[in-house]
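Novice: sequence? don't have it. structure:
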């Protein structure tokens with residue numbers, strides 16, 4: 001608070017009080033204070049309109065205004081000027097209300113002196129100056145945030161539009177007969193495009209989280225299946241690097257929970273993906289334990305352990321910040337944005353947990369995180385616990401050269417009541433079999449890894465069949481790949497089931513049940529769903545509203561390949577005219593188009609069809625992918641949303657879902673629809 005000159009407006013109807021205030025301010029010690037006086041509120045408002053003041057001394061009891069309304073009128077006209085209220089009596093309630101309304105101070109006339117009045121005015125001016133600076137900074141920050149959001153939305157659209165064509169056309173090209181060399185080239189294009197898509201999504205996701213716009217779902221889901229499916233999706237990446245990938249899901253981990261399955265999967269994928277990326281040999285293991293909490297909640301402890309390069313102690317805090325990696329050389333060598341851990345850290349905090357790391361350089365790392373979930377009723381999830389009674393007591397031999405896998409398999413099988421005998425290789429397993437036969441017993445099931453040193457799994461089974469005569473022993477093999485020669489050799493040996501590692505508990509149980517001849521395994525319905533055609537749709541008449549010629553060609557090729565008839569509209573106006581003149585089963589609507597955008601076109605279509613009692617399904621097919629974009633599409637009257645780049649399966653699944661749920665007449669087309677197809 002400096003001693004700069006101040007210009008004060010005093011609004012006071014009592015001449016004696018006005019003279020006293022003037023006298024006090026003439027004796028100001030920290031700097032000159034000039035005073036102008038108005039005896040009525042109306043006069044004061046006129047002076048405020050014509051002159052600039054640093055502060056206002058305001059009596060609340062004036063001839064033309066009384067109480068807080070006096071302050072409100074002053075504040076409404078000049079909110080940027082500090083106001084100190086003067087009152088003839090000390091009313092604590094009135095003082096509090098005045099301060100809550102925006103007054104900087106409340107003074108009682110009979111209790112002030114020269115120093116008190118000057119100090120109050122100077123503090124009031126300083127507080128108002130800081131308040132205005134904060135308000136200006138807040139507005140600037142909000143404007144910058146809006147500009148950033150607009151930039152990200154535009155960037156997302158501009159990048160996703162060509163990326164949609166790259167990935168879509170590559171997917172179509174891979175679906176035709178081509179040479180192995182060209183297929184390899186196209187796979188590189190596809191993988192690079194998907195990597196770019198991950199980068200875009202990471203940047204957008206981090207932006208949403210930083211802006212406080214990230215929210216968590218609260219839905220029931222099968223925790224075991226969520227973890228198993230997530231690890232399964234990482235298997236190919238790990239096995240391509242020669243790594244073992246395993247998941248140790250402890251028996252105390254509940255199955256039915258309430259929470260955000262997608263966000264939990266995102267965190268696990270980030271941590272396991274990082275572990276795989278920074279590990280050149282050895283293994284990556286996810287360990288999951290739980291501890292009970294009050295009120296039907298559970299705290300889960302996840303630990304992702306690897307045998308990778310490790311993180312230096314002085315870098316372990318920094319890696320959880322945005323765009324940070326422990327070693328810039330590692331960034332160039334292994335790639336990545338440095339956003340994965342920052343995103344995971346914030347998501348874990350949203351889930352009521354924390355994320356940390358234990359690591360030593362050269363000895364690997366263990367990334368831990370905790371999260372809290374609500375327990376759900378088992379009936380709320382689609383799958384149920386395995387009926388372990390049907391396999392209880394079965395004697396099973398488990399063979400794997402990896403000690404971690406061996407321990408996890410033993411734990412799972414013993415939890416089902418099976419009698420598991422372990423062997424770390426083919427030689428030890430053959431010895432176990434001979435010893436068992438020597439005492440008049442036998443194994444009822446063999447579970448073996450395929451990729452083992454010295455004698456691999458197939459050679460082991462061949463010797464087992466030939467030397468031991470165990471031609472009828474059911475065999476389940478665990479493999480890290482799908483080599484054609486391996487598949488043929490397994491079939492020739494009569495191997496019951498092949499499972500790709502890491503193995504989910506549910507699919508292992510199904511394999512055991514199948515190998516032992518037990519009907520209706522737990523995942524039978526899931527197996528049928530997985531092996532049946534992914535999307536079955538009758539031929540449809542589809543309107544495609546899309547302004548990009550490349551995207552038009554991609555979408556038409558994709559849809560015609562599925563047997564659908566496509567009419568193309570280059571903008572919203574053409575789409576509206578087409579719907580007026582032709583019958584369509586479905587509209588695929590881009591959002592950003594010239595002349596009339598997708599939102600405007602959808603609203604116009606909905607307005608016209610409401611008058612005749614129709615409702616054509618409309619699916620947004622757009623490069624907009626920021627928080628709230630999907631809701632904007634739904635609010636405009638669209639029935640579904642698919643973000644670009646478009647994946648054929650995702651688009652067809654969305655179409656099927658919308659049409660299956662549709663109560664409208666488009667399920668059955670009119671007897672004589674207008675025809676006419678325009679293709680680019």
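Specialist: Happy to help now that I have it. Predicted model only: the values in this text are computed from it and were never measured.
Novice: got the buried residues for stretch 401-421?
Specialist: 401-402, 404-410, 412-413, 416, 418, 420-421 (16 or more other Cβ atoms under 10 Å). C-beta coordinates here come from the backbone N, C-alpha and C atoms, glycine included.
Novice: out of those, which are inside strands?
Specialist: 420-421 (DSSP state E).
Novice: So which of the buried residues of stretch 401-421 is the closest to residue 274?
Specialist: Of all these, residue 404 has the smallest distance to residue 274: 18.8 Å, by Cβ to Cβ.
Novice: mind listing what the closest one touches?
Specialist: Residues near residue 404 by Cβ atoms under 8 Å, 6 or more residues apart in numbering: 244, 246, 248, 283, 285.
Novice: One more: residue 237?
Specialist: 273, 276.
Novice: Surely it is in a strand?
Specialist: No. Counting by DSSP: H, G, I helix; E, B strand; the rest coil, residue 237 is not part of a strand but helix.
Novice: measure it to residue 275 for me?
Specialist: 11 Å (Cβ to Cβ, to the nearest Å).
Novice: do the same with residue 117
Specialist: 68 Å.
Novice: Repeat that for residue 441.
Specialist: Plainly put, residue 441 is 41 Å away from residue 275 if you go by Cβ to Cβ.
Novice: Give me the more crowded residue out of these two.
Specialist: residue 275 (26 against 10; other Cβ atoms under 10 Å).
Novice: looking at this, the more buried one is in a helix?
Specialist: Yes. Counting by three-state DSSP, residue 275 is found in a helix.
Novice: isn't it right up against residue 304?
Specialist: Yes. Taking contacts as Cβ atoms under 8 Å, residue 275 lies within contact range of residue 304: 5.3 Å.
Novice: With adjacent residues omitted, what lies nearest to the residue nearest to the spatial centre of the chain?
Specialist: Nearest to the mean C-alpha position of the chain, counting by Cα atoms, centre = their mean, stands residue 263 at 5.1 Å. In space, and not counting its chain neighbours, residue 263 is closest to residue 347: 5.2 Å by Cβ to Cβ, 6 or more residues apart in numbering.
Novice: immediately after the longest helix seen in the chain, which helix or strand?
Specialist: In the chain, with assignment by DSSP state H, the single longest helix is helix 114-174. As assigned by DSSP states H and E, the chain's next helix or strand after helix 114-174 is helix 180-210.
Novice: so how far is that following helix off the chain centroid?
Specialist: Mean-position distance between helix 180-210 and its chain equals 16 Å (Cα atoms, centre = their mean, to the nearest Å).
Novice: Now do that helix, average pLDDT.
Specialist: For helix 180-210, mean pLDDT rounds to 76.
Novice: what do you get for stretch 109-121?
Specialist: Stretch 109-121 shows a mean pLDDT of 88.
Novice: what helix or strand is residue 356 on?
Specialist: Per DSSP H and E: strand 355-360 holds residue 356.
Novice: which element follows that strand toward the C-terminus?
Specialist: strand 364-375.
Novice: what bridges to the residue nearest to residue 54 when sequence neighbours are not counted?
Specialist: In space, and not counting its chain neighbours, residue 54 is closest to residue 6: 4.6 Å by Cβ to Cβ, 6+ apart. Residue 6 has the following beta-bridge partners by DSSP bridges: residue 33.
Novice: and the gap between residue 6 and residue 79?
Specialist: Counting by Cβ to Cβ, the separation of residue 6 from residue 79 is 19 Å.
Novice: Tell me which stretches of the stretch 401-550 of the chain form helices.
Specialist: 403-415, 426-438, 457-467, 484-492, 505-515, 524-531, 549-561 (DSSP state H, counting those that start in this stretch).
Novice: in the third one, what counts as buried?
Specialist: Residues of helix 457-467 classed as buried by neighbour count (16+ other Cβ under 10 Å): 457-458, 460-461, 464-465.
Novice: picking up where we left off before, just give me how far the strand holding residue 356 sits from the chain centre.
Specialist: Counting by Cα atoms, centre = their mean, strand 355-360 is centred 23 Å from the centre of its parent chain.
Novice: which other residues reach that strand?
Specialist: Against strand 355-360 from outside (Cβ under 8 Å, 6+ apart): 310-311, 313, 316, 319-320, 341, 344-345, 348-349, 365-369.
Novice: do that again at 7 Å, thanks
Specialist: Identification of contacts with strand 355-360 by Cβ atoms under 7 Å, 6 or more residues apart in numbering yields 310-311, 316, 320, 344-345, 348, 365-369.
Novice: Ok, stretch 72-82 next?
Specialist: The contact list for stretch 72-82 (Cβ under 7 Å, 6+ apart) reads 41, 45, 48, 53, 55-56, 58, 65, 83, 101-102, 104, 124-125, 127-128, 132.
Novice: Show me how to select, in PyMOL, the buried members of these.
Specialist: Applying 16+ other Cβ under 10 Å to these, the buried members can be selected in PyMOL as follows:
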select buried, resi 41+45+48+53+55+56+58+65+83+104+124+125+128
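Novice: now, which of the contacts of stretch 72-82 lie within helices?
Specialist: In helices, defined here by DSSP H, the members of the contacts of stretch 72-82 are 41, 45, 48, 101, 124-125, 127-128, 132.
Novice: Let me have those residues in CSV, adding distance to residue 602 and pLDDT as columns.
Specialist: CSV is the format used below for these (distance: Cβ to Cβ, whole Å; pLDDT from 0 to 100):
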residue, distance to residue 602, pLDDT
41, 54, 93
45, 50, 94
48, 50, 93
101, 45, 89
124, 54, 91
125, 54, 91
127, 50, 90
128, 48, 90
132, 44, 90
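Novice: Tell me the one among those nearest to residue 91.
Specialist: residue 101 (14.1 Å).
Novice: So that closest one versus residue 70, what's the distance?
Specialist: From residue 101 to residue 70 the distance is 11 Å (Cβ to Cβ).
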